[in-house]
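# Below: sequence and its predicted model.
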Amino acid sequence: MRVLLVEDNEILGEAVRDHIAAAGHAVDWMKTLDDARTSLRAVAYGLILLDLRLPDGSGIALLKELRTVGNATPVIILTAHDQISDRIEGLNSGADDYLVKPFDLGELTARMLAVIRRYGGNISPTIAFGELKISPVDRRVFAGDREVGLSGREWAVLDMLLSRPGAIVSKAQIEEALYAFGSEIESNTVEVYVSRLRKKLGREHVVTVRGVGYKIGAAA
């Protein structure tokens with residue numbers, strides 16, 4: 001899963017980013033609303049962790065914008081404001097959960113999993129390509145009756161392909177997904193991970209569109 005973290009506190013942001021990445025998820029950490037909006041226009045996220053007080057405005061404004069245009073991405077508010085009125089405003093604006101700072105990182109993980117499970121039947125259903133079954137929510141892949149294990153970076157590439165089913169994903173977009181893991185990107189990094197996915201999922205399921213990029217699905 002790819003997570004958007006919107007948090008301007010350096011210490012907390014770094015701790016949350018590293019904790020989520022250690023769990024095998026890709027994380028984009030933005031410190032302003034403008035940067036968050038730019039990321040949201042370019043990337044399909046599975047979850048948003050949103051601070052309320054940011055240098056260029058209120059996280060509530062961004063949350064309302066998302067819900068107004070029909071963006072149903074789950075949102076967990078992270079804030080130091082623990083007044084009941086603040087919680088009510090956040091939840092009424094479309095937040096899925098509310099976590100008051102300071103919080104335990106283990107509790108954050110539990111809240112994230114709870115929200116993801118809640119949306120499991122709507123946002124990220126099981127995706128099937130013949131005998132290949134992919135469940136993005138719990139990060140499991142089955143080829144027939146056999147479960148296929150993927151590394152975090154292999155999942156990052158697969159998540160990017162699944163976010164645009166049937167559409168072509170460019171090499172640059174896949175590189176961006178790998179950058180979220182702090183990986184050094186060599187000239188052949190994308191090809192290496194695409195090759196690994198093909199070996200595990202089947203060559204026919206990761207299609208090369210020569211000179212353009214890749215897509216998930218069955219080869220023509």
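Perfect, thanks for sending it.

# Contacts made by stretch 18-32 with the rest, please.
Residues lying outside stretch 18-32 but in contact with it, judged by CB atoms under 8 Å, 6 or more residues apart in numbering, are 1-8, 13, 17, 36, 39, 43, 45, 54-56, 105, 108-109, 112, 139, 152, 155-156, 159, 177, 180-182. C-beta here means a position set from N, CA and C on the backbone, and glycine is covered the same way.

# can you give me the helices for the chain?
Residue ranges of the helices in the chain, as given by DSSP state H, are 10-22, 33-42, 59-68, 84-92, 105-119, 152-162, 171-179, 189-201.

# Okay, buried residues for the helix or strand bottoming out on mean pLDDT in the chain please.
Considering only helices and strands, the least confidently modelled element of the chain by mean pLDDT, DSSP states H and E is strand 127-129, at a mean of 77. Judged by neighbour count (16 or more other CB atoms under 10 Å), strand 127-129 contains these buried residues: F129.

# which residues of the chain score low on pLDDT?
Low-confidence regions of the chain, defined by pLDDT under 70, span residues 119-126, 136-138, 164-166, 180-185, 218-220.

# in it, which residue is closest to the centre?
R2 (1.5 Å; CA atoms, centre = their mean).

# Excluding covalently adjacent residues, which one is nearest to that residue?
Closest residue in space to R2, ignoring its immediate chain neighbours: A26 at 4.5 Å, by CB to CB, 6 or more residues apart in numbering.
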